[in-house]
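Colleague: Got a sequence here, can you build the structure:
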Amino acid sequence: MSADDAPVNLTHHFLIAMPGLNDELFGRSVVYVCEHTPKGALGLIVNKPSGITIDDLFQRLDLPLGRPDWAGMPVLRGGPLQTERGFVLHEDMGEPLPLMVAQPPRAVADTPAPASAVPALLQAAGAAPAVDAPASSAAEGAASPSGRPTVYASSLKVAGSGLELTTSRDVLEAVSAGAGPRQILITLGYASWGEGQLESELGDNAWLTVPADPALLFEVPLEERYERAMALLGVQPWMLAPGAGRA
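Modeller: Down below sits the predicted model:
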């Protein structure tokens, strides 16, 4: 296979919605790609608030918030799938795991995820806390992880990033005790693309792509993330007409 024929790998990249992408959730969105393989991709929208805060979430899980400086931090809408489940993105806290190969559902916006699609971390308002059992996969059809465990029961290492995505309750219990990650991003739900689907959307000029900057994930206010992601490419939204080319 030549270099030109090599499959694109957008793990640890941002997808930035083109101005012409008209969708209630994905319009003006910034998606952080946690995993991208020839079988599909999995990511989190990182600039859309869910309407609840981290202190609301901890209260509903009957956990004290051990980081009072995080009170008022928004929990995000990570995507249209498994919106009753939670995902915690944070710095790498443990030993490496082999990359788990995702085989997510094809539809991004409309198809409900199977009940077994993603291991539970936490549930939406009023729901009982998720169990602490280690999960066997990061997405539907993923291979069971092997090798040395991470600090937490169920985590996906984001290749090349120094970050991991945790879906087990123990990370929040660590935060509750005043320990755990120094920086954190929590979403309800996730986005996924099936085999060839993201590549097709890129070909249709739905997304711009750029290597991810962790500072945008953890330090930039939500309302500034779209423009700041565009600025990583040296452009601003007003410079791009709907249907314009992509980077």
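
Colleague: Could you pull up the contacting residues of the residue nearest to residue 52 when sequence neighbours are not counted?
Modeller: For residue 52, ignoring the flanking residues on the chain, the nearest one in space by CB to CB, 6 or more residues apart in numbering is residue 75 at 5.1 Å. Every C-beta, even on glycine, is put in place using the N, C-alpha and C of the backbone. Residues in contact with residue 75 (CB atoms under 8 Å, 6 or more residues apart in numbering) are 49, 50, 52, 53, 54, 56, 57, 86, 186, 187, 188.

Colleague: any chance of those residues in CSV, plus secondary structure, distance to residue 64 and pLDDT?
Modeller: Shown next, in CSV, are the contacts of residue 75 (DSSP: H, G, I helix; E, B strand; the rest coil; distance: CB to CB, whole Å; pLDDT from 0 to 100):
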residue, secondary structure, distance to residue 64, pLDDT
49, strand, 23, 97
50, strand, 21, 96
52, strand, 17, 95
53, strand, 15, 96
54, helix, 12, 96
56, helix, 13, 95
57, helix, 12, 94
86, strand, 17, 92
186, strand, 16, 97
187, strand, 22, 97
188, strand, 21, 96
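
Colleague: picking up where we left off before, does the residue nearest to residue 52 lie in a helix or a strand, and which?
Modeller: According to DSSP states H and E, residue 75 maps onto strand 74-77.

Colleague: Sort out which residues of that strand are buried, please.
Modeller: For strand 74-77, a neighbour-count test (16 or more other CB atoms under 10 Å) marks 74, 75, 76, 77 as buried.
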